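Undergrad: coords please:
(2 chains)
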Amino acid sequence: MSTVVDATGPAILIEGLHKSFGDLRVLCGVDLEVADHEVICLIGASGSGKSTLLRCVNLIEPIDAGRIVVEGDEITAPGVDVNAIRRRIGIVFQSFNLFPHMSVLRNITLAPTKVVGTSASQADEEARELLDRFGLADKAEEYPDRLSGGQQQRVAIMRALAMRPDIMLLDEVTSALDPELVAEVLDVIRELAAAGMTMLIATHEMGFARDIATRVCFLDDGVIAEQGPPERIFGDPQEERTRQFLARIVAAGRM
Amino acid sequence: MAQGSGGTPNLHTPLGTAGADPRAPVPPRGSRRSRILGGGEAGSRSVWIAVASTVVFFGAVAVLIVNSPGWLEIKRTFFNERVFAESFPKIVRQFGTNVLIFMVAEVFVLIVALFFAVLRSLPGPVFAPLRILAIAYTDVFRGIPTILVISLLGFGMPALRLQGLPKSEVFWAIVALVLVYSAYVTEVYRAGIESVHPSQTAAARSLGLSRMQSMRHVVLPQAVRRVIPPLLNDFIGLQKDSALVAFLGVVEGLQTANIISASEFNYTPFVSLALVYLVITIPQTRFVDWLIERDRRRRQGGSVV
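TA: Predicted coordinates for the structure are as follows:
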């Protein structure tokens, strides 16, 4: 895993980010700075813009206003090489989105061979190392629909890791999983955090966020309403709306 | 016509066991058989009813036809054994031209249609002219009768007498069929491309694959697999339309039947040609049905690759 430590500034810098879908204003001026090796958990109600924020950082959604700077390069500037940017930023989706017509191994090696130009044999070797490391070595030749949801999501994480990204964006990666499969995916993310991966994680798993985050950001009404270390956000939130949100989570038995 | 005689003994074979012990569980059968038998439990009783009603129905139709006032005349002009024996080998031989035409056309249809389908699914305002081009193409060639396109190209292009332009009618007939059928198959491909969920493209693009790489490695392989049955259906149509080449004077199956028919004052050669077509199209039709049925079972059965 390459961890870039240089003088180019923060890993991610987001300034005044606005994004609407038609009349629906999803993000209305988000400012966020993420340092190298930070693990940031985005919490907030459904529709608060967590996913949209991640998709903007990966340039899946074009932004309306503001700017996003990744390791000193403004990725929202006109004329940037979108594909080159995306190589440095891995994203994992709620619904896995593995390629169903390819084996697990091919899912992982596709981008390295086609985008980076890694040789097939080397990409295979690296993919098998990843599979080995995350306990799926015996599934290399299987097709995705033969795997459990948890296994599929772990493969999706490996697929992103195979591009050796500097930053990982995780978009509610456990929301589509049966409860008993959540832990295996969270363990993978914990290992990545321990290895120093810079991560931006949208999640509903408050216990996990409290555990793993160096900082928690509460999104509400399209802005970051409150942010801080997990102990403070969960133990002593300053904002009234943060308190209300957490009260609802507690009432729902999710924390 | 082969249905009545060929079907009956087939229906017997698997039933010997079930008939011996009526309480024995009926093993699962090919769904087509049970559909022909009228569905439900394929017990020996329903088989006998199916056989009996089939014999009675087709027997009645045969009796009606054979006793019609003009039957002898029809028999002489359409089902003449001597003319059949003479014409059938000749027609089969000339049918080779049809085979050549539709085989070559099919290869090019696959390529040309894919090209237009990809053009049509390019997103963004920059590609509007290409999308419009693709839409205009499919609209025009799906809107003109195939026989007109064949005539226009087959008579028109050689008449231009342009240097280097092929004069062969077969060549222009193939071009015409490719143009017409690519328009249909473009739509088939496009339906397939659109059936692949956008999240697949998003996943591919997020890994750094370019738009074309996502299309090539992620979208198209899934799309093509889904459209194989409708694609084969269009190919069967194309194979039948290869007979239209006769209008350019090319001596292929239909033209040969025409010539023999005119010299013998007899329509039997057309029946011979019809048989040739049935022999090549029916297996394909059955194959397509089997593919569709298999896909349906897979979707219902869930996770079988």
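
Undergrad: CA atoms for contacts and neighbours, from now on please.
TA: Fine.

Undergrad: which ones are touching A:E74?
TA: By CA atoms under 8 Å, 6 or more residues apart in numbering or on different chains, the residues touching A:E74 are A:R67, A:I68.

Undergrad: how about the residues of chain B by chain A?
TA: Counting by CA under 8 Å from any CA of the partner chain, chain B comes close to chain A at B:199-200, B:202-210, B:213, B:218, B:221-222, B:303, B:305.

Undergrad: using the three-state scheme, assign A:I63.
TA: What DSSP: H, G, I helix; E, B strand; the rest coil gives for A:I63 is coil.

Undergrad: tally of neighbours for it?
TA: Neighbouring residues of A:I63 were enumerated by other CA atoms under 10 Å in any protein chain shown; the total is 20.

Undergrad: the residue lying closest to it once chain neighbours are set aside bridge partners, please.
TA: Leaving aside its chain neighbours, A:I63 sits nearest to A:K19 (5.4 Å; criterion: CA to CA, 6 or more residues apart in numbering or on different chains). Bridge pairing for A:K19 (DSSP bridges) gives the partners A:L27.

Undergrad: what strand or helix carries the residue in the stretch 51-200 of chain B positioned nearest to chain A?
TA: Residue nearest to chain A within the stretch 51-200 of chain B: B:Q200 (5.9 Å; CA to the nearest CA). Take DSSP states H and E as the rule and B:Q200 turns out to sit in helix B:198-206.

Undergrad: could I have that helix exported to PDB, CA atoms only?
TA: Taking C-alpha atoms only, helix B:198-206 is exported to PDB below (Å, rounded to 0.1, in the frame of the first residue of the first chain):
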ATOM      1  CA  PRO B 198     -25.500   1.700 -14.700                       C
ATOM      2  CA  SER B 199     -23.800   0.700 -11.400                       C
ATOM      3  CA  GLN B 200     -21.700  -1.700 -13.500                       C
ATOM      4  CA  THR B 201     -20.400   1.200 -15.500                       C
ATOM      5  CA  ALA B 202     -19.900   3.300 -12.400                       C
ATOM      6  CA  ALA B 203     -17.900   0.500 -10.800                       C
ATOM      7  CA  ALA B 204     -15.700   0.100 -13.900                       C
ATOM      8  CA  ARG B 205     -15.200   3.800 -14.300                       C
ATOM      9  CA  SER B 206     -14.300   4.200 -10.600                       C
END
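
Undergrad: please list only the buried members of the residues of chain B next to chain A.
TA: Among the residues of chain B next to chain A, those buried by neighbour count (16 or more other CA atoms under 10 Å in any protein chain shown) are B:200, B:202-210, B:213, B:218, B:221-222.

Undergrad: where does the stretch 51-200 of chain A come near chain B, residue by residue?
TA: Neighbours of chain B within the stretch 51-200 of chain A, by CA under 8 Å from any CA: A:58, A:60, A:82-87, A:90-91, A:97-99, A:101, A:111, A:114-115, A:143, A:145-146, A:160, A:163.

Undergrad: kindly recompute the last result at 7 Å.
TA: A:58, A:60, A:83-84, A:86-87, A:90-91, A:97, A:99, A:101, A:111, A:115, A:145-146, A:160 (CA under 7 Å from any CA of the partner chain).

Undergrad: tell me which two in those residues are the farthest apart.
TA: Using CA to CA, the pair of those lying farthest apart is A:A84 and A:R146, separated by 32.4 Å.

Undergrad: remind me which residues of the stretch 151-300 of chain B are low pLDDT?
TA: Scanning the stretch 151-300 of chain B for pLDDT under 70 picks out the ranges B:298-300.

Undergrad: try chain A
TA: A:1-8, A:255.

Undergrad: quick check: closest non-adjacent residue to the residue in it positioned nearest to chain B.
TA: Minimum separation of chain A from chain B (CA to the nearest CA) falls at A:N83, amounting to 4.5 Å. Closest residue to A:N83 apart from its sequence neighbours, by CA to CA, 6+ apart: B:G208 at 4.5 Å.

Undergrad: please give me every residue in contact with that neighbour.
TA: Residues in contact with B:G208 (CA atoms under 7 Å, 6 or more residues apart in numbering or on different chains) are A:N83, A:A84, A:R86, A:R87, A:A111, A:V115.

Undergrad: and the helices in the stretch 51-200 of chain B?
TA: Per DSSP state H, counting those that start in this stretch, the stretch 51-200 of chain B carries helices over the ranges B:71-78, B:81-120, B:128-143, B:146-159, B:169-195, B:198-206.

Undergrad: same check on chain A?
TA: In chain A, the helices defined using DSSP state H lie at A:50-57, A:82-88, A:104-111, A:120-133, A:149-161, A:179-194, A:206-212, A:230-235, A:240-251.

Undergrad: closest one to A:I14 among the ones you listed?
TA: If we rank these by CA to CA, the stretch that ends up nearest is helix A:50-57, at 8.6 Å.

Undergrad: packing partners for the helix holding B:Q200?
TA: Applying 3 or more CA pairs under 7 Å, 6 or more residues apart in numbering or on different chains; DSSP states H and E, one finds that helix B:198-206 contacts helix B:211-214.

Undergrad: how far does the helix it packs on sit from its chain's centre?
TA: Computed by CA atoms, centre = their mean, to the nearest Å, the separation of helix B:211-214 from the middle of its chain amounts to 32 Å.

Undergrad: which residues does A:V182 contact?
TA: Counted by CA under 7 Å, 6+ apart, A:V182 has contacts A:G150, A:T174.

Undergrad: distance of it from A:T174?
TA: Per CA to CA, to the nearest Å, A:V182 is found 6 Å from A:T174.

Undergrad: and for the spatially closest residue to B:F78 that is not a sequence neighbour, the neighbour number?
TA: Excluding its sequence neighbours, the residue lying closest to B:F78 (CA to CA, 6+ apart) is B:T268, at 4.3 Å. Close neighbours of B:T268, defined as other CA under 10 Å, add up to 27.

Undergrad: pretty sure B:T268 is touching B:R82, no?
TA: No. With contacts counted by CA atoms under 7 Å, B:T268 stays clear of B:R82, the gap being 9.3 Å.

Undergrad: quick one on the thing from earlier: ok, which of the helices of chain A comes nearest A:L219?
TA: Of those, nearest to A:L219 by CA to CA is helix A:50-57, at 7.0 Å.

Undergrad: centre of the chain to that closest one, how far?
TA: With CA atoms, centre = their mean, you get 9 Å for helix A:50-57.

Undergrad: what does that helix rub up against?
TA: Taking CA under 7 Å, 6+ apart as the rule, helix A:50-57 contacts A:L42, A:E61, A:P62, A:I63, A:I68, A:L169, A:D171, A:A202, A:L219.

Undergrad: if you rank those residues by neighbours, which is first?
TA: In these, the most neighbours by other CA under 10 Å go to A:L42, 28 neighbours.
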